[in-house]
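**Q** Prediction below, plus the sequence it came from.
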Amino acid sequence: EADIYQTPRYLVIGTGKKITLECSQTMGHDKMYWYQQDPGMELHLIHYSYGVNSTEKGDLSSESTVSRIRTEHFPLTLESARPSHTSQYLCASGDRDNEQFFGPGTRLTVL
Amino acid sequence: GQSLEQPSEVTAVEGAIVQINCTYQTSGFYGLSWYQQHDGGAPTFLSYNALDGLEETGRFSSFLSRSDSYGYLLLQELQMKDSASYFCAVRDPQSGAGSYQLTFGKGTKLSVIP
């Protein structure tokens, strides 16, 4: 079954820690995206990739970085987490221009 | 740049019909999409309009008027499970280095009451 996965689903960590949020999809999509969403708010694009070795920053400035070494894998890394990074992070993929498939999200809390 | 406007909250009665409007301002336009997101869940794709007119998918329909930069999502025979946030989104070819980015509205929280 084709799907998109994110781990961990929930993460509580202390300030200054390095974390990596995992995202994998089995649909063979070239295009993948990371969004940040605060509760009850809109989605903000923070990173996107149009294929292997292709990564770009989105509209919302973010201190995170991403990599795309394999088509199915698009991890997001925070080198030094801060309380301001507390949010939900949603990964998505899709090769049709206006349809994106979202993962279940990672709820990150930085103390 | 681009901006989308939609009502922040809508309340409707079970079994009724509700319309959620979305107006947009973009320097270019490739189509309007709608996504549903339940509390604590991930957004799921509902519909997409590239051309003017009405697209129907079961109880949900979506309409687009490009000349008015306006669209709406119509939900019929409302059910309690339709309580969720609904986001309109546009793909703007002028949105930056990549033209496949979607810009989302702030979302409309729909509450369906008995």
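**A** Thanks, I have the structure now. Just so you know, these numbers come straight off a predicted model, no measurement behind them.

**Q** Please look at B:Ala16 and B:Leu78 and confirm they touch.
**A** Yes: in this structure, B:Ala16 is within contact of B:Leu78 by CB atoms under 8 Å, at 5.3 Å. Any C-beta I mention is one placed from the backbone N, CA and C, and that applies to glycine too.

**Q** Number of residues surrounding the closest residue to B:Thr44 other than its chain neighbours?
**A** Take B:Thr44 and drop its neighbours on the chain: the residue closest to it by CB to CB, 6 or more residues apart in numbering or on different chains is B:Gln36, 5.4 Å away. Residues near B:Gln36, counting by other CB atoms under 10 Å in any protein chain shown, number 20.

**Q** now the one 3 residues further on
**A** When neighbours are defined as other CB under 10 Å, B:Asp39 has 10 of them.

**Q** Helix, strand, or coil at it?
**A** coil (DSSP: H, G, I helix; E, B strand; the rest coil).

**Q** what residues are up against the closest residue in space to it that isn't next to it in sequence?
**A** Nearest non-adjacent residue to B:Asp39, counting by CB to CB, 6+ apart: B:Ala84, 7.4 Å away. Each residue near B:Ala84 by CB atoms under 8 Å, 6 or more residues apart in numbering or on different chains is listed here: B:Gln36, B:Gln37, B:His38, B:Asp39, B:Gly41, B:Lys109, B:Leu110.

**Q** what does B:Leu73 give?
**A** B:Gln19, B:Ile20, B:Cys22, B:Trp34, B:Leu46, B:Ser47, B:Phe60, B:Ser61, B:Ser62, B:Tyr86, B:Cys88.

**Q** give me the beta-bridge partners of residue 56?
**A** You didn't pick a chain, so chain A it is. Taking DSSP bridges as the rule, A:Glu56 bridges to A:Tyr48.

**Q** The intended chain is chain B.
**A** B:Ser61.

**Q** Can you tell me the number of residues neighbouring the closest residue to chain B within chain A?
**A** Residue nearest to chain B within chain A: A:Phe102 (4.0 Å; CB to the nearest CB). For A:Phe102, the neighbour count with other CB under 10 Å is 22.

**Q** That one reaches B:Pro43, doesn't it?
**A** Yes: between A:Phe102 and B:Pro43 there is a contact under CB under 8 Å: 5.0 Å.

**Q** Common neighbours of the two, please.
**A** Common neighbours of A:Phe102 and B:Pro43 (CB under 8 Å, 6+ apart) are A:Leu90, A:Ala92.

**Q** so where does the residue nearest in space to the middle of chain A fall, helix or strand?
**A** For chain A, A:Trp34 is the residue whose C-alpha lies nearest the centre (CA atoms, centre = their mean; 3.5 Å). Element membership for A:Trp34, per DSSP states H and E: strand A:32-37.
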